[in-house]
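Participant: got a sequence here, can you build the structure:
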Amino acid sequence: MTEFSPEEVADFKESFGLFDRIGDSQVGYNQVPDIMRALGQNPTNKDVIKILGNPSADDMANKRISFDDFLPMLKLVDALPKGSYDDYVEGLRVFDKEGNGTVMGAELRIVLSTLGEKMSEDEIESLMAGQEDENGSVHYEAFVKHIMSV
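Facilitator: Okay, here's the model as predicted:
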């Protein structure tokens, strides 16, 4: 498991504190995924729920967690395998019917809204902004580079 430097831990603690809306040096369980993403991680919601110990919806809404309890969870997420550029390109290549490096934007929208961690319409529109050419096609290698740089 990755050990974070003292400087990283200090930065994480400062960022964690920005999510403390009550002033008790804790954050809500339901904020944990957002904090992890703000700290450069990209866990699935399923991973976060598992790391939090499979809390109920009520616990997600009401339970709070301290930074000292959060940090080991962040280490677990940091250790999770991450998809590579090649993994994502290969996954989208399946939808490249003509073998020309593009997929139909409409088809990509359907995939994003129905497979894996389903995205909302607003999230999809934000992600797809400026990605389609005049024919409604998306160059998926550039799309993956765009996503991984966000």
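
Participant: now the helices for this structure?
Facilitator: Taking DSSP state H as the test, the helices found in the chain are 6-18, 32-38, 45-51, 57-62, 67-79, 85-93, 105-114, 121-128, 140-149.

Participant: output these in CSV; the columns should cover distance to Q26 and mean neighbour count.
Facilitator: (Each C-beta comes from the backbone N, C-alpha and C, glycine too.) CSV is the format used below for those (distance: least, Cβ to Cβ, whole Å; neighbours: other Cβ atoms under 10 Å):
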stretch, distance to Q26, mean neighbour count
helix 6-18, 9, 13
helix 32-38, 11, 18
helix 45-51, 17, 15
helix 57-62, 12, 12
helix 67-79, 8, 16
helix 85-93, 35, 14
helix 105-114, 34, 16
helix 121-128, 28, 13
helix 140-149, 32, 15
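
Participant: which one of these lies closest to G99?
Facilitator: With Cβ to Cβ as the measure, helix 85-93 is the member of the helices of the chain nearest G99 (8.6 Å).

Participant: how close does the residue of the chain most remote from its centre get to S137?
Facilitator: No residue in the chain sits farther from the centre than E98, which is 30.2 Å out by Cα atoms, centre = their mean. Applying Cβ to Cβ, to the nearest Å, the value for E98 to S137 is 9 Å.

Participant: repeat that for P81.
Facilitator: Distance, P81 to S137, by Cβ to Cβ: 31 Å.

Participant: more neighbours, the two?
Facilitator: S137 (20 against 6; other Cβ atoms under 10 Å).

Participant: grab the nearest non-local neighbour of the more buried one.
Facilitator: Leaving aside its chain neighbours, S137 sits nearest to T102 (4.0 Å; criterion: Cβ to Cβ, 6 or more residues apart in numbering).

Participant: can you get me a residue count around the one you found?
Facilitator: Neighbours of T102 (other Cβ under 10 Å): 23.

Participant: and if you look at S84?
Facilitator: Using other Cβ under 10 Å, S84 has 11 neighbouring residues.

Participant: what does the pLDDT read for it?
Facilitator: Each residue has a pLDDT score; the one for S84 is 78.

Participant: and E90, by the same measure?
Facilitator: Note on E90: pLDDT of 88.

Participant: pretty sure V48 contacts D34?
Facilitator: No - look at V48 against D34 with Cβ atoms under 8 Å: they stay out of range, at 9.8 Å.

Participant: state the number of residues packed around G83.
Facilitator: 12.
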